[in-house]
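Engineer: Give the three-dimensional model of this entry:
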Amino acid sequence: MQAPVSHNLYDLICEQADRDPAALALIAGNERISYARLAERARLVAGALRAAGVRRGDRIGMLIGNRAEWVEVCLGAAAIGAVPAPFSTWSTARELEFLLADSGVRLLVALARFGERDYAADLAALFARRATICPQLQSVVLIDGAGETWATAWQDFLASAVNIDSLPQGERARAEDTAFVLFTSGSTSHPKAVPLRHGAALTNGFHIGERQGLKPGDRVFLPLPLFWSYGSANAMCATFTHGATLVVQERFEAGAALDLIERQACTSIYTLPAITAALIGHPDFRRERTASLRAAMTIGTPQDVATVAHTLGAREVCNIYGQTESYGNCCVTPHDWPLERRMACQGPPLPGVLLRIVDPAGGGEVARGQTGLIEVKGHLTPGYEGASREQNTSAFTADGYFRTGDLGTFDATGALVFQARDSEMIKRAGINIAPAEVEEVLRQHPGVAAAGVTGAPHPIKGEIVVAFVVPTAGTTLTAEALRSHCRALAATYKTPDHVEIRADLPVTTTGKLLRRELKHMAAALIPAPGGTL
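Structural biologist: Got it, this is the predicted structure:
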């Protein structure tokens, strides 16, 4: 379809509202919001931000789950040229202290509570110390909370709105302005602040939607957080640039997610292997409940992609590659490729994106088919902000490529084949082994529910392969049986040297495997000097 002409998120919603005012833009909880209504609500938030003293370039903190208010604040900020800085709803009080200081937000819109977290209490204590923590923070707005001496209730905030229709056109965000600052974890002790621009977010998001085959009328289910680039820069921008409907779940729960997919007749889903496993493993899962699904976005092994297509039923699933720095995705497999091809790679670069594979030792580009470090250029963050700014020199090359830290190769057609994080590769006796390769083999055993593989130091081999395996319910597994299974299906060097049977694996709130913790667990298995595993 034809790309929108708008250059910022707010104008995009207005453009879609002009095209089809009644078309559904957002389904959040019990709310069904049309494009016309979403534009009105964003305009109201913009007027309230303006009344609160927010001006072009000011940062707006957001501590909100997947709710309509998250989208409204994001769009309203764009209407007056302000910059949203969404924070993780899993943040502790200590983490919030860092985020508030690092982001430089002038105003914070937050939930009073999220799950078990009492954010009103945390923020009251932080606001009392703002002079030393975040002196630029002028006000806090609480959603679903009463007005406080230190905070304004959401409805009172909206009631204060001024009319922004008379503002000069130049007050709105421009294509080169920051659309949002997202915080991503990585190799550092604190989250990195990643600014992403409006124009690139819309352009890249449109092309992501094109690879999915999105069109007006599609309903895109997002059970993952909007504060992740996978949610905002990817799902939200892909959906809104195609005039489709974004269906959000405030926090993922498999049973409720199945209800949403079925009730709202969702046609596409953004998922991860752990999300997929939770959906199809739920007692109430039946294939007919997800019969409306056509498309999907996921990352994982070939088997993970096949599971989304065959078991979940999203037959046009796209395999993807990317990171926050590259607007969520820089490679996506076209939805109409044969499934076997989508399973085997992460697709060609999106339009406007350049990728190269370089030698980890020398830095020069390697020949097609050889493995090396992935570097990306094109739709890319202009660089880290805040405390992470000092990492820009090492994260970006002199000619403008981002060093992803990932290993991969190009196949014969030029599509990217992701292998592993460089830091996660197991170097056993001089041979590089990607953990995902071993995990894929282990999961083919009918008694394996989940597997996590990492390396552990070894005095002779450098590293050995350690596998942590969770059995399916009612199954008894032995380490030797699993090693025999691996020897039958893969090269000998990919057979785990040591297998640990566990009740569970260390994962994030959304089920993503914590590989650092896995590595610590493996290191703890190393015996005293002179012993063997």
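Engineer: biggest helix in this protein by residues?
Structural biologist: Taking DSSP state H as the criterion, the chain has its longest helix at helix 35-51.
Engineer: Restrict that one to CA atoms and write it as PDB.
Structural biologist: Provided in PDB are the C-alpha atoms of helix 35-51 (Å, rounded to 0.1, in the frame of the first residue of the first chain):
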ATOM      1  CA  TYR A  35      -8.600   7.100  14.700                       C
ATOM      2  CA  ALA A  36     -10.800  10.200  14.900                       C
ATOM      3  CA  ARG A  37     -11.300   9.800  18.700                       C
ATOM      4  CA  LEU A  38      -7.600   9.000  19.200                       C
ATOM      5  CA  ALA A  39      -6.600  12.200  17.500                       C
ATOM      6  CA  GLU A  40      -9.000  14.100  19.700                       C
ATOM      7  CA  ARG A  41      -7.700  12.500  22.900                       C
ATOM      8  CA  ALA A  42      -4.100  13.100  21.800                       C
ATOM      9  CA  ARG A  43      -4.900  16.700  21.200                       C
ATOM     10  CA  LEU A  44      -6.400  17.000  24.700                       C
ATOM     11  CA  VAL A  45      -3.300  15.500  26.300                       C
ATOM     12  CA  ALA A  46      -1.200  17.900  24.200                       C
ATOM     13  CA  GLY A  47      -3.200  20.800  25.600                       C
ATOM     14  CA  ALA A  48      -2.800  19.600  29.100                       C
ATOM     15  CA  LEU A  49       1.000  19.200  28.700                       C
ATOM     16  CA  ARG A  50       1.100  22.700  27.300                       C
ATOM     17  CA  ALA A  51      -0.900  24.000  30.300                       C
END
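Engineer: Would you agree Gly322 is in contact with Val353?
Structural biologist: No: using Cβ atoms under 8 Å, Gly322 is not in contact with Val353, being 9.3 Å away. For glycine as for every other residue, the C-beta is placed from the backbone atoms N, C-alpha and C.
Engineer: okay, these two: which has more neighbours?
Structural biologist: Using other Cβ atoms under 10 Å as the criterion, Gly322 and Val353 rank with Gly322 on top: 26 against 20.
Engineer: quick one: pLDDT of that one?
Structural biologist: At Gly322, the predicted lDDT confidence score is 95.
Engineer: Also Thr290?
Structural biologist: If you check Thr290, the pLDDT there is 98.
Engineer: How many residues are close by it?
Structural biologist: For Thr290, the neighbour count with other Cβ under 10 Å is 21.
Engineer: list the residues that contact both of Gly322 and Val353?
Structural biologist: Cys330, Cys331 (Cβ atoms under 8 Å, 6 or more residues apart in numbering).
Engineer: Secondary structure element holding Val469?
Structural biologist: Val469 belongs to strand 462-471 when assigned by DSSP states H and E.
Engineer: What is that strand packed up against?
Structural biologist: Under the contact criterion of 3 or more Cβ pairs under 8 Å, 6 or more residues apart in numbering; DSSP states H and E, strand 462-471 touches strand 426-428, helix 435-443, strand 448-458, strand 498-501, helix 515-523.
Engineer: Mind checking those for the one nearest to Leu477?
Structural biologist: Closest approach to Leu477 among those is made by strand 498-501 (5.6 Å; Cβ to Cβ).
Engineer: Go through the closest one and flag the buried ones.
Structural biologist: Residues of strand 498-501 classed as buried by neighbour count (16 or more other Cβ atoms under 10 Å): His498, Val499.
Engineer: who touches it?
Structural biologist: In contact with strand 498-501 (Cβ under 8 Å, 6+ apart) are residues 456, 464-471, 477-479, 482-483, 521, 525, 533.
Engineer: how about low-confidence regions in the stretch 351-500 of the chain?
Structural biologist: 429-430 (pLDDT under 70).
Engineer: want to try a markdown table for the helices and strands packed on strand 462-471, with distance to Gly378 as columns?
Structural biologist: Converted to a markdown table, these look like this (distance: least, Cβ to Cβ, whole Å):
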| stretch | distance to Gly378 |
| --- | --- |
| strand 426-428 | 31 |
| helix 435-443 | 26 |
| strand 448-458 | 32 |
| strand 498-501 | 42 |
| helix 515-523 | 28 |
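Engineer: which one of these lies closest to Ala412?
Structural biologist: Closest approach to Ala412 among the helices and strands packed on strand 462-471 (Cβ to Cβ): helix 435-443, 20.0 Å.
Engineer: What angle do helix 515-523 and that closest one make with each other?
Structural biologist: 70 degrees (axes from the mean of the first three to the mean of the last three Cα atoms, to 10 degrees).
Engineer: Against which helices or strands is helix 435-443 packed?
Structural biologist: Judged by 3+ Cβ pairs under 8 Å, 6+ apart, helix 435-443 is in contact with helix 302-307, strand 416-421, strand 448-458, strand 462-471, helix 479-489.
Engineer: want to throw the ones you listed into TSV with distance to Ile431 and mean neighbour count?
Structural biologist: What follows is the helices and strands packed on helix 435-443, written out as TSV (distance: least, Cβ to Cβ, whole Å; neighbours: other Cβ atoms under 10 Å):
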stretch	distance to Ile431	mean neighbour count
helix 302-307	21	20
strand 416-421	13	20
strand 448-458	11	21
strand 462-471	10	21
helix 479-489	15	15
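Engineer: Using a markdown table, please lay out those together with distance to Arg55.
Structural biologist: As requested, the helices and strands packed on helix 435-443 are exported to a markdown table (distance: least, Cβ to Cβ, whole Å):
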| stretch | distance to Arg55 |
| --- | --- |
| helix 302-307 | 46 |
| strand 416-421 | 41 |
| strand 448-458 | 48 |
| strand 462-471 | 52 |
| helix 479-489 | 60 |
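Engineer: Quick check: which of these is nearest to Leu158?
Structural biologist: With Cβ to Cβ as the criterion, Leu158 lies closest to helix 302-307 of these, at 42.7 Å.
Engineer: Go ahead and measure how far the closest one is from the middle of the chain.
Structural biologist: Here helix 302-307 is found 19 Å from its chain centre; the criterion is Cα atoms, centre = their mean, to the nearest Å.
Engineer: and the helix or strand just after it, how far from the chain's centre?
Structural biologist: On the C-terminal side of helix 302-307, the closest following helix or strand by DSSP H and E is strand 316-321. Put simply, strand 316-321 sits 14 Å off its chain's centre (Cα atoms, centre = their mean).
Engineer: Next secondary structure element downstream of strand 316-321?
Structural biologist: Following strand 316-321 in sequence, per DSSP H and E, is strand 331-332.
Engineer: What are the contacting residues of that following strand?
Structural biologist: Strand 331-332 is contacted from outside by 207-208, 211-212, 297, 318-322, 346-350, 353, 355, 415-416, using Cβ under 8 Å, 6+ apart.
Engineer: closest one to Glu390 among the helices and strands packed on strand 462-471?
Structural biologist: helix 515-523 (21.9 Å).
Engineer: Run through who's touching the closest one.
Structural biologist: Outside helix 515-523, the residues within contact range by Cβ under 8 Å, 6+ apart are 421, 424, 435, 452-457, 466, 468, 500, 505-506.
Engineer: What I need now is these written out in JSON lines, including distance to Leu339 for each item.
Structural biologist: Shown next, in JSON lines, are the contacts of helix 515-523 (distance: Cβ to Cβ, whole Å):
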{"residue": "Arg421", "distance to Leu339": "26"}
{"residue": "Glu424", "distance to Leu339": "27"}
{"residue": "Pro435", "distance to Leu339": "24"}
{"residue": "Gly452", "distance to Leu339": "26"}
{"residue": "Val453", "distance to Leu339": "25"}
{"residue": "Thr454", "distance to Leu339": "30"}
{"residue": "Gly455", "distance to Leu339": "32"}
{"residue": "Ala456", "distance to Leu339": "36"}
{"residue": "Pro457", "distance to Leu339": "40"}
{"residue": "Val466", "distance to Leu339": "32"}
{"residue": "Phe468", "distance to Leu339": "30"}
{"residue": "Glu500", "distance to Leu339": "34"}
{"residue": "Leu505", "distance to Leu339": "28"}
{"residue": "Pro506", "distance to Leu339": "32"}
